[in-house]
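Participant: Sequence and predicted structure are below.
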Amino acid sequence: IEGDGGSGVAEQIADLEAAIARRMAGIRHVVAVGSGKGGVGKSTLTRQLGAVLAAAGKRVGILDADMNGPSQALLHGVRNVPPLPGEEGLLLPVSREGVKVLSVGSLLAEGEALSWPSASPRHTHVWRATRELAKLAELLSAVHWGPLDVLLVDLPPGPERTAQFADFLGPQTAVVLVSIPSALARGVVARSVSALGTLPNRLLGYVENMSGYACAGCGTVRPLFPESEEAAELSLPCLGRVPFDPRLAALSDEGRAITEVPDAGPVAAALAETARTLFERLEEVP
């Protein structure tokens, strides 16, 4: 059988890709934010970097591409606040602190998960990734972002998933990885770097999250993880180091941004510096 066997699938895919290209035509930079493993604060970091960039005058959007564990709606305080209908039947992302946010978490009840029907009940794992990317493509083709300086895409965790979604988003999409200063996390990020090595996407660097503990009492940053000589060396630039601060965790649970808090200390300064470095790298001609 040559082509799609007369099914018309190839034509449908081409039409969908053309629709996505039209919807994203006004976006200057697309950045996929990935992590080798879960639990490193990738989604929280994505949310806060978006708010910091917006506070600096950038036009920012955040797309929650983690269909099975969407968190951006909660982090932005827009759970159960669905996108608005716009012209031509397109969806308008919810806006919070100047950031346009789109997450399936806005459409799901608390504790509810998306279901992924398959042709065979015993082989749902075979269909899951395909259906997940198909749903993401459908979503992207139906959203009106408007002009943006940067769209941050919060990816599901895992080296293979990071590479898979970066490939789906296209070669113009830059990638940023998030890690924590532990041997295990850095080793998994190193595998993500290896998985991305076969793709044309531009790997900007990594952000080291939970890089020390910000003491609210004295304003200093103290070590949080023990130093390890076995930690993998990451062959890419560090875009910033953000300390752990319990106040940031509390803000995240409340759906608020660090930019809402005056005198937020070392974590605010670190986020501002990381956002500045990230955008400068985006503006560099590759």
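Facilitator: Good, I have the coordinates.

Participant: I'd assumed residue 210 was in contact with residue 41.
Facilitator: Yes - contact criterion CB atoms under 8 Å: residue 41 and residue 210 qualify, at 6.3 Å. In this view, the C-beta of every residue, glycine as well, is placed from N, C-alpha and C.

Participant: Need the overlap of contacts for the two.
Facilitator: residue 180 (CB atoms under 8 Å, 6 or more residues apart in numbering).

Participant: Any buried residues in stretch 147-157, and which?
Facilitator: Residues of stretch 147-157 classed as buried by neighbour count (16 or more other CB atoms under 10 Å): 148, 149, 150, 151, 152, 153, 154, 155, 156, 157.

Participant: just curious, which of those residues is nearest to residue 99?
Facilitator: Comparing the buried residues of stretch 147-157 against residue 99 with CB to CB places residue 152 closest, at 8.8 Å.

Participant: for the closest one, helix, strand, or coil?
Facilitator: Of the three states, residue 152 takes strand under DSSP: H, G, I helix; E, B strand; the rest coil.

Participant: So what pairs up with it in the strands?
Facilitator: residue 31, residue 62 (DSSP bridges).

Participant: Contacts only, for it.
Facilitator: Residue 152 makes contacts with 31, 33, 46, 49, 50, 60, 61, 62, 63, as judged by CB under 8 Å, 6+ apart.

Participant: Could you check the pLDDT of the second one?
Facilitator: This points to residue 33. Listed pLDDT for residue 33 reads 98.

Participant: Residue 202 versus residue 264, what's the distance?
Facilitator: Per CB to CB, to the nearest Å, residue 264 is found 31 Å from residue 202.

Participant: typed the wrong thing, it's residue 27
Facilitator: Shown here: residue 27 relative to residue 202, a distance of 15 Å by CB to CB.

Participant: Could you single out the nearest of the contacts of residue 152 to residue 277?
Facilitator: Residue 277 lies nearest to residue 49 out of the contacts of residue 152, by CB to CB, at 10.6 Å.

Participant: so which helix or strand takes in that closest one?
Facilitator: Residue 49 is part of helix 42-55, with elements assigned from DSSP states H and E.

Participant: what residues does that helix touch?
Facilitator: Residues outside helix 42-55 that contact it (CB under 8 Å, 6+ apart) are 33-35, 60-62, 64, 66, 71-72, 75-76, 97-99, 149-150, 152, 154-155, 157, 178, 207, 209, 242, 248-249, 252, 257-259, 271-272, 274-275, 278-279.

Participant: got it, and stretch 196-210?
Facilitator: The contact list for stretch 196-210 (CB under 8 Å, 6+ apart) reads 31-32, 40-42, 45, 162-163, 166-167, 169, 171, 173-181, 189, 193, 224-225, 234, 236-244, 274, 278, 281-282, 286.

Participant: what's near enough to touch residue 172?
Facilitator: Here residue 172 is in contact with residue 30 (CB under 8 Å, 6+ apart).

Participant: who touches stretch 250-261?
Facilitator: Under CB under 8 Å, 6+ apart, the answer for stretch 250-261 is 44, 47-48, 51-52, 54-55, 74-79, 97, 247-248, 264, 267-268, 271.
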